[in-house]
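>>> Sequence first, predicted model second:
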Amino acid sequence: MVIRSISRRQLIREMVVAGTVAPIVGIAAARRGRGKSEFKICIFSKHLQWLDCSGMAQTAAELGFDGVDLTVRNKGHVLPERVEDDLPEAVEAIKRAGIDPLMMATDINDPDDPNTEKILKTASALGIKYYRLGKYRYTEDKSITSTLNDARPMIRDLAAMNKHYNIHGSYQNHAGSRYVGAPLWDLWELVKEFDPRYMGCQFDIRHATVEGGQTWPLNLRLMSKHINTLAMKDFLWQMRDNKWQTVNCPLGQGQVDYDSYLRLLKKLSVSCPVSIHYEYDLGGANHGATKLTIGKEKLFAAIRADLKFLRARLREHGLL
């Protein structure tokens, strides 16, 4: 499959002509017409970083996942500078295991980075449909509005590049005062003018609950038409060192109100691929370690338990 390279000037021209910047008809209406659940559940391959691509894919399949959210980034299963050589092999391993190479997590946030177009072009040609962007950050020496104004043209050009390569960009909301997207209103300001098929949000309910314990439903409503992937995890507030801190935990054992969340997803007609993140203590797998400090069976039991929880809740709410 041959896909031509394009300049930023061409991107902007194609974006305007083809309607990347256009009034949004609404992705929800399209979802309602599909009739089939889009909730394909993937494992974030960061947690299987101790396995090579073949072992990771086979393990994901044996654990019962529909697909893989593949790390294509620094210290990932596929390194950005080797994407043209190594991503085809990783995708082939995933397909050979009988599951879907549906998603990837990247550090992409600059359309001019020499690896950006290589990654998107290669991934699209191999059938990967969604990718998570890298983060933009707030700093003390720059105002919030200046940070957003600097990010906006990069988001614009990435949206055009995504349209050109027919791939969906997803920016994850991540809790913390450093991260653009943490309060979600700022992310809405960045993506609202773009077609959600090409630039949208990976809605992370864990981070949304941390930042908005009472207001996450408002943020979900605000972002709903731009949500094209979901990240699932959970956490608790605990007092540590005389300070309230977030501590990650298995799904359904923390602060995230999964029943209310799934009811609202259904009401808003949000139906899209899901990535489960295992960020609680799992012998290093939670941090993407290449060596485990716990037995594999203990890790696999935890992975299966969260997958079972999520599938059961999705079925209860008529989402599967």
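Thanks, I have the structure now.
>>> so where do the helices sit in the protein?
8-18, 27-34, 53-63, 83-96, 114-126, 144-165, 185-191, 205-211, 216-223, 258-267, 296-316 (DSSP state H).
>>> among those helices, which is the most enclosed?
Mean neighbour count (mean count of other C-beta atoms under 10 Å) peaks for helix 205-211 among these, with a mean of 23. All C-beta spots, glycine's among them, are computed from the backbone N, C-alpha and C.
>>> low pLDDT regions in the stretch 1-150 of the chain?
Within the stretch 1-150 of the chain, the set of residues satisfying pLDDT under 70 comprises 1-36.
>>> Recalculate using a threshold of 90.
1-38 (pLDDT under 90).
>>> Could you measure from residue 138 over to residue 180?
The gap separating residue 138 from residue 180 is 6 Å, by C-beta to C-beta, to the nearest Å.
>>> Would you mind telling me which of the two has more residues around it?
residue 180 (23 against 17; other C-beta atoms under 10 Å).
>>> Nearest to residue 285, out of the helices of the chain?
Closest to residue 285 of the helices of the chain is helix 296-316 (C-beta to C-beta; 5.5 Å).
>>> Next, the angle from the closest one to helix 258-267.
Between helix 296-316 and helix 258-267, the angle comes out at 50 degrees (axes from the mean of the first three to the mean of the last three C-alpha atoms, to 10 degrees).
>>> Against which helices or strands is helix 296-316 packed?
strand 41-44, helix 53-63, helix 258-267, strand 274-276 (3 or more C-beta pairs under 8 Å, 6 or more residues apart in numbering; DSSP states H and E).
>>> how much space between the nearest residue to residue 64 once chain neighbours are set aside and residue 181?
In this structure, residue 64 finds its nearest non-sequential neighbour in residue 307, 5.8 Å apart by C-beta to C-beta, 6 or more residues apart in numbering. Applying C-beta to C-beta, the value for residue 307 to residue 181 is 26 Å.
>>> Please apply the same query to residue 149.
Distance from residue 149 to residue 181, by C-beta to C-beta: 15 Å.
>>> just residue 212 next, same as before
Using C-beta to C-beta, residue 212 is found at 13 Å from residue 181.
>>> between those two, who's got more neighbours?
Using other C-beta under 10 Å, the more surrounded residue of residue 212 and residue 181 is residue 181, with 27 against 18.
>>> I'd guessed that one sits against residue 172; true?
Yes. Counting by C-beta atoms under 8 Å, residue 181 touches residue 172, with 6.8 Å between them.
>>> hey, what's in contact with both of those two?
Contact criterion C-beta atoms under 8 Å, 6 or more residues apart in numbering; residues shared by residue 181 and residue 172: 135, 201.
>>> rewinding a little: what do residue 138 and residue 180 both touch?
Going by C-beta under 8 Å, 6+ apart, residues that sit against residue 138 and also against residue 180 are residue 147.
>>> Take stretch 161-170, keep the C-alpha atoms, and write them as CSV.
Taking C-alpha atoms only, stretch 161-170 is exported to CSV below (Å, rounded to 0.1, in the frame of the first residue of the first chain):
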residue,chain,number,x,y,z
MET,A,161,-2.9,14.3,8.9
ASN,A,162,-5.3,11.9,10.6
LYS,A,163,-7.9,12.5,7.9
HIS,A,164,-5.3,12.0,5.2
TYR,A,165,-4.3,8.6,6.6
ASN,A,166,-7.8,7.7,7.8
ILE,A,167,-6.8,7.1,11.5
HIS,A,168,-8.5,8.4,14.7
GLY,A,169,-6.5,10.6,17.1
SER,A,170,-7.5,10.4,20.8
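>>> re earlier: surely the residue nearest to residue 64 touches residue 60?
No. With contacts counted by C-beta under 8 Å, residue 307 stays clear of residue 60, the gap being 10.2 Å.
>>> Now for these two: what residues contact both?
Counting by C-beta under 8 Å, 6+ apart, the residues touching both residue 307 and residue 60 are residue 43.
>>> quick one: which of the helices of the chain is nearest residue 276?
helix 296-316 (5.7 Å).
>>> now that closest one and helix 53-63, what's the angle there?
50 degrees.
>>> Could I get the CA-only coordinates of helix 296-316 as PDB?
In PDB, the C-alpha atoms belonging to helix 296-316 read as follows (Å, rounded to 0.1, in the frame of the first residue of the first chain):
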ATOM      1  CA  LYS A 296       2.900 -14.600  36.300                       C
ATOM      2  CA  GLU A 297      -0.200 -16.400  37.600                       C
ATOM      3  CA  LYS A 298      -0.800 -13.700  40.200                       C
ATOM      4  CA  LEU A 299      -0.600 -11.000  37.500                       C
ATOM      5  CA  PHE A 300      -2.900 -13.000  35.200                       C
ATOM      6  CA  ALA A 301      -5.500 -13.500  37.900                       C
ATOM      7  CA  ALA A 302      -5.600  -9.700  38.500                       C
ATOM      8  CA  ILE A 303      -5.900  -9.000  34.700                       C
ATOM      9  CA  ARG A 304      -8.700 -11.500  34.300                       C
ATOM     10  CA  ALA A 305     -10.600 -10.200  37.300                       C
ATOM     11  CA  ASP A 306     -10.700  -6.600  35.900                       C
ATOM     12  CA  LEU A 307     -11.600  -7.900  32.500                       C
ATOM     13  CA  LYS A 308     -14.400 -10.000  34.000                       C
ATOM     14  CA  PHE A 309     -15.700  -7.100  36.000                       C
ATOM     15  CA  LEU A 310     -15.800  -4.700  33.000                       C
ATOM     16  CA  ARG A 311     -17.500  -7.200  30.700                       C
ATOM     17  CA  ALA A 312     -20.100  -8.100  33.300                       C
ATOM     18  CA  ARG A 313     -20.900  -4.400  33.900                       C
ATOM     19  CA  LEU A 314     -21.100  -3.600  30.200                       C
ATOM     20  CA  ARG A 315     -23.600  -6.500  29.700                       C
ATOM     21  CA  GLU A 316     -25.700  -5.400  32.700                       C
END
